[in-house]
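Asks: sequence first, predicted model second:
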Amino acid sequence: MSNPFLNRTAALSGPTQDIIAVTLSDATDLADVAVALYVETGGIISFVTANGQSRTVAVGDFSILPVGTRRVNATDTTATGIHAFVVV
């Protein structure tokens, strides 16, 4: 199988290279800063942005939230099936 990412430099201007299930935590950051979040079941997402700002937003089912995210908080988050788009 060919891999179109093999000799490509990771960049924010292109597709991400992976999507990882998010474990909610009020203290632990994601392993890699996400460039966006995908949400299967809508609700509230409480998160910390890539530059350290705390935010809370409401999203619908099957939403993509295109914001750099370092942590998704357990407290106040009601959305489920959250995945992080990452460039590694």
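Replies: Yep, that arrived.
Asks: mind checking how far Ile45 is from Pro15?
Replies: Distance, Ile45 to Pro15, by CB to CB, to the nearest Å: 22 Å. Where you see a C-beta, it was placed from the backbone N, CA and C, and this is true even at glycine.
Asks: who has more neighbours out of the two?
Replies: Per other CB atoms under 10 Å, whichever of Ile45 and Pro15 has more neighbours is Ile45, with 25 against 11.
Asks: local confidence estimate at that one?
Replies: On pLDDT, Ile45 comes in at 98.
Asks: bridging residues for it?
Replies: Counting by DSSP bridges, Ile45 is bridged to Val57.
Asks: quick one: contacts for the spatially closest residue to Gly68 that is not a sequence neighbour?
Replies: The shortest distance from Gly68 to any non-neighbouring residue, by CB to CB, 6 or more residues apart in numbering, is to Ala50 (3.0 Å). By CB atoms under 8 Å, 6 or more residues apart in numbering, Ala50 lies in contact with 33, 67-70.
Asks: which stretches of this protein have low pLDDT?
Replies: Applying pLDDT under 70 to the chain flags the ranges 2-14.
Asks: who wins on neighbours among the contacts of Ala50?
Replies: The most crowded member of the contacts of Ala50, judged by other CB under 10 Å, is Thr69 (24 neighbours).
Asks: report the contact partners of that one.
Replies: By CB under 8 Å, 6+ apart, Thr69 lies in contact with 30, 33-34, 36-37, 47-50, 84.
Asks: how about 6 Å then?
Replies: 34, 37, 47 (CB atoms under 6 Å, 6 or more residues apart in numbering).
Asks: of all the residues you listed, which comes closest to Val57?
Replies: Using CB to CB, Phe47 comes nearest to Val57 of the contacts of Thr69, at 8.0 Å.
Asks: where's that closest one, which helix or strand?
Replies: Phe47 belongs to strand 43-49 when assigned by DSSP states H and E.
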